[in-house]
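[1] got a predicted structure plus its sequence, pasted below:
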Amino acid sequence: MRINKVKYIFIFCTLLIAHAGFSQKKESAPNIVLVLMDDLGYGDLSCYGALDIRTPNIDQLALDGIRFTNYLTPQAVCSASRAALLTGCYANRVGIAGALGPRSETGLAHSEVTIAEMMKQKKYATAIFGKWHLGDNKEFLPLQQGFDEYLGIPYSNDMWPMEYDGTPAKPENFKSKHPVLPIIKDNEKIAEIKTLEDQSTLTGLYTDAAISFIKKNKNKPFFLYLAHNMPHVPINASKKFRGTSKQGLFGDVIQEVDAGIGRILETLKSNGLDKNTIVIFTSDNGPWLNYGNHAGNAGGFREGKGTSFEGGHRVPFIVRWKGNIKAGQICNQLVSAIDILPTIASICKLALPENKIDGVSLMPIFNGDMNATPRKNFLYYYRKNSLEAVRRDNWKLVFEHPSRSYLNQVPGKDGYPGNTPENIIMPYALYDLRRDPSEAYDVKNQNPSIVSELNKLAEEARKDLGDDLQNRVGENVRPVGKLVKKIN
């Protein structure tokens, strides 16, 4: 009897040790869920001050982790921002600029390492559901860039042959030359988005795919990149969510996304993945303000999408990692999307790409030091490779440059855009973002030493990455991927 008792104790202890070993192994390889919105502004979530839009699930994500207030997207435009996010590099370093259109002959070069490719060092399952926008030719699609699965559209949802009201584009409209908007699964087109009603299905489609992927891979580490189309125009919500917000269709769209996030969080919890999954929520750039009630809110910052002012770059950034990141924190330190790749590498103990990157690890902040400053500088590039501003800490020096401007322009309504002048010359100016986050008054004459310091930073950047405004080519810029044309 005593022997059996000892035997059972031994078996129990063995199982306990094995379980502990399994837990340690699992904890050493956390899952990553990266949610990227399209044209979501700083003020479009209730936890960032949105009015009459309720986002309880995303708010809870912030309560359970860190909400950042000083996070900058690398560029204020689609393709460039996404290239930077996935490679940890300024977009001009990897040769990507602007927003790639249908039938593009360029894309993200295969020599660049994406987050998905980096995760393969530890055999992560990888998937993207949503908007890709780094080359629509098969050669550049996600499965050729480290992802195991892909379901979504290859570029922006307004790149289709339709007018703003959803009717076929007239011959004089350049959009009439666009192909029908495809839905691609892995490498092949499986469906088309032909109407505004079809647009309303995308948020649910991606959410369902994300949940299925999580369930399928619950017993191994995974990297899930959920890249929503919304609220990039044209916007639409499914019938279930229309009329649920006091902010009209735009609010309905945001609340449907929030409900989808809630479903994903519940899936993680019900499958025992809650504490071993890092959830990241952010946006590719600020709001497209000239679309009025179909556009977002820049949260009081100047300008919006397509500009180098804070309204174009500063967007929500929330990170939750239960049991590792202390809940309920707010971080006001300067960080950027290019910092996500090296931070994930640090967490998962992965080797960084051999090519030079520009991001820095945010682990000091994740570990609870809200005074840490892993990033002190930031470069604002736009219009191919034009250095339009530089920042050190809270000082921002803006160089004279042509820019679009939403200021004093009457916005559009119900899906139609308002006027947005594209070549307004922005003056050379210094802004103290601590006192003047809306970039309203120039203080360069009162701070000559700061101006001198920032000009030195700019000169280093021009040498490294170039500057089209000065016709300079950077020493460390790498070529964009180009379509290989077969010769018959």
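    Alright, I've got the coordinates. Residues are numbered from 1 along each chain as shown.
[2] tell me, how many residues neighbour Phe174?
    Applying other CB atoms under 10 Å, we find 9 other residues in the vicinity of Phe174. Glycine gets a C-beta too; all of them are placed from N, C-alpha and C.
[3] so it versus Glu163, what's the distance?
    For Phe174, the distance to Glu163 (CB to CB, to the nearest Å) stands at 12 Å.
[4] right, and the helix or strand after the helix or strand Thr207 falls within?
    Assigning secondary structure by DSSP states H and E places Thr207 in helix 202-216. Next helix or strand after helix 202-216 toward the C-terminus (DSSP H and E): strand 222-227.
[5] what sits against Gly260?
    203-204, 206-207 (CB atoms under 8 Å, 6 or more residues apart in numbering).
[6] then the helix holding Thr207 to CSV, C-alphas only?
    As requested, the backbone C-alpha atoms of helix 202-216 are provided in CSV (Å, rounded to 0.1, in the frame of the first residue of the first chain):
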residue,chain,number,x,y,z
LEU,A,202,-15.2,42.9,-45.2
THR,A,203,-14.9,43.6,-41.4
GLY,A,204,-16.9,40.5,-40.6
LEU,A,205,-15.0,38.4,-43.2
TYR,A,206,-11.6,39.3,-41.7
THR,A,207,-12.8,38.8,-38.1
ASP,A,208,-14.1,35.4,-38.9
ALA,A,209,-10.9,34.4,-40.6
ALA,A,210,-8.8,35.6,-37.6
ILE,A,211,-10.9,33.6,-35.2
SER,A,212,-10.6,30.5,-37.3
PHE,A,213,-6.9,30.9,-37.5
ILE,A,214,-6.5,31.3,-33.7
LYS,A,215,-8.6,28.1,-33.1
LYS,A,216,-6.6,26.2,-35.7
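[7] other SSEs contacting that helix?
    Using 3 or more CB pairs under 8 Å, 6 or more residues apart in numbering; DSSP states H and E, the elements in contact with helix 202-216 are strand 125-130, strand 149-152, strand 222-227, helix 248-270.
[8] try 6 Å this time
    strand 125-130, strand 222-227, helix 248-270 (3 or more CB pairs under 6 Å, 6 or more residues apart in numbering; DSSP states H and E).
[9] next, the buried residues of that helix.
    202-207, 209-211, 213-214 (16 or more other CB atoms under 10 Å).
[10] how about these in JSON lines, adding pLDDT?
    Formatted as JSON lines, the buried residues of helix 202-216 follow (pLDDT from 0 to 100):
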{"residue": "Leu202", "pLDDT": "98"}
{"residue": "Thr203", "pLDDT": "98"}
{"residue": "Gly204", "pLDDT": "98"}
{"residue": "Leu205", "pLDDT": "98"}
{"residue": "Tyr206", "pLDDT": "98"}
{"residue": "Thr207", "pLDDT": "98"}
{"residue": "Ala209", "pLDDT": "98"}
{"residue": "Ala210", "pLDDT": "98"}
{"residue": "Ile211", "pLDDT": "98"}
{"residue": "Phe213", "pLDDT": "98"}
{"residue": "Ile214", "pLDDT": "98"}
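[11] format those residues as a markdown table; extra columns: distance to Trp321.
    Putting these into a markdown table (distance: CB to CB, whole Å) gives the following:
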| residue | distance to Trp321 |
| --- | --- |
| Leu202 | 28 |
| Thr203 | 25 |
| Gly204 | 27 |
| Leu205 | 27 |
| Tyr206 | 23 |
| Thr207 | 21 |
| Ala209 | 23 |
| Ala210 | 18 |
| Ile211 | 20 |
| Phe213 | 19 |
| Ile214 | 16 |
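[12] out of these, flag the one nearest to Gly152.
    Of all the buried residues of helix 202-216, Gly152 sits closest to Tyr206, with 6.7 Å by CB to CB.
[13] would you confirm that the closest one contacts Lys131?
    No. With contact defined as CB atoms under 6 Å, Tyr206 does not reach Lys131; the gap is 9.1 Å.
[14] who touches both of the two?
    Common neighbours of Tyr206 and Lys131, using CB atoms under 6 Å, 6 or more residues apart in numbering, do not exist here.
[15] so, low pLDDT: which residues of this protein?
    Residue ranges of the chain with pLDDT under 70: 1-28, 486-488.
[16] which residues in the stretch 301-450 of the chain form strands?
    Assigned by DSSP state E, counting those that start in this stretch, the strands in the stretch 301-450 of the chain fall at 317-320, 329-331, 335-336, 377-382, 386-392, 395-398, 401-403, 424-426, 429-432.
[17] return the list of helices and strands in contact with the fourth one.
    Using 3+ CB pairs under 6 Å, 6+ apart as the contact test, the elements touching strand 377-382 are strand 386-392.
[18] any idea of the angle the strand it packs on forms with strand 377-382?
    Angle, strand 386-392 to strand 377-382, by axes from the mean of the first three to the mean of the last three CA atoms, to 10 degrees: 160 degrees.
[19] with distance to Ser156 added, can I get the helices and strands packed on helix 202-216 in a markdown table?
    Listed next are the helices and strands packed on helix 202-216 as a markdown table, based on distance: least, CB to CB, whole Å:
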| stretch | distance to Ser156 |
| --- | --- |
| strand 125-130 | 11 |
| strand 222-227 | 11 |
| helix 248-270 | 15 |
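[20] closest one to Leu341 among these?
    Shortest distance between Leu341 and the helices and strands packed on helix 202-216, using CB to CB, is found for strand 222-227: 11.3 Å.
[21] paired strands for the closest one, with orientation please.
    strand 31-37 (parallel), strand 125-130 (parallel) (DSSP bridges).
[22] list the contacts of the shortest one.
    Residues outside strand 125-130 that contact it (CB under 6 Å, 6+ apart) are 116, 119, 142, 147-152, 206, 209-210, 213, 217, 222-228.
[23] what about Lys356, how many residues close to it?
    Quick note: Lys356 (other CB under 10 Å) scores 12 neighbours.
[24] what's the closest non-adjacent residue to it?
    Setting aside the residues directly before and after it, Lys356 is nearest to Asn476 in space (CB to CB, 6 or more residues apart in numbering), at 6.1 Å.
[25] could you chop the protein up by domain?
    What automatic domain parsing lists as the domains of the chain is 28-376, 379-482.
[26] start and end of the last one, how far apart?
    Translated: domain 379-482. 26 Å (CA to CA, to the nearest Å).
[27] check the offset of it from the chain's centre.
    Averaging C-alpha positions (CA atoms, centre = their mean, to the nearest Å) puts domain 379-482 20 Å from its chain's average.
[28] same question, the longest one
    Between the mean C-alpha location of domain 28-376 and the chain-wide mean there is a distance of 4 Å, by CA atoms, centre = their mean.
[29] report how many residues lie close to Asn445.
    Using other CB under 10 Å, Asn445 has 8 other residues around it.
[30] and the gap between it and Leu362?
    As judged by CB to CB, Asn445 and Leu362 stand 35 Å apart.
[31] equivalent analysis for Tyr90, please.
    17 Å.
[32] returning to what we had before: let's have the contacts of Gly260 in JSON lines, adding distance to Gly43.
    Output for those, formatted as JSON lines (distance: CB to CB, whole Å):
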{"residue": "Thr203", "distance to Gly43": "20"}
{"residue": "Gly204", "distance to Gly43": "25"}
{"residue": "Tyr206", "distance to Gly43": "24"}
{"residue": "Thr207", "distance to Gly43": "24"}
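[33] tell me which of those residues is nearest to Gln329?
    Using CB to CB, the shortest approach to Gln329 within the contacts of Gly260 belongs to Thr207, at 27.1 Å.
[34] could you find the closest non-adjacent residue to Gly251?
    Residue nearest to Gly251 in three dimensions, not counting chain neighbours: Ser245, with 2.7 Å by CB to CB, 6+ apart.
[35] give the contact list for the one you found.
    By CB under 6 Å, 6+ apart, the neighbours of Ser245 are 53, 251-252, 255.
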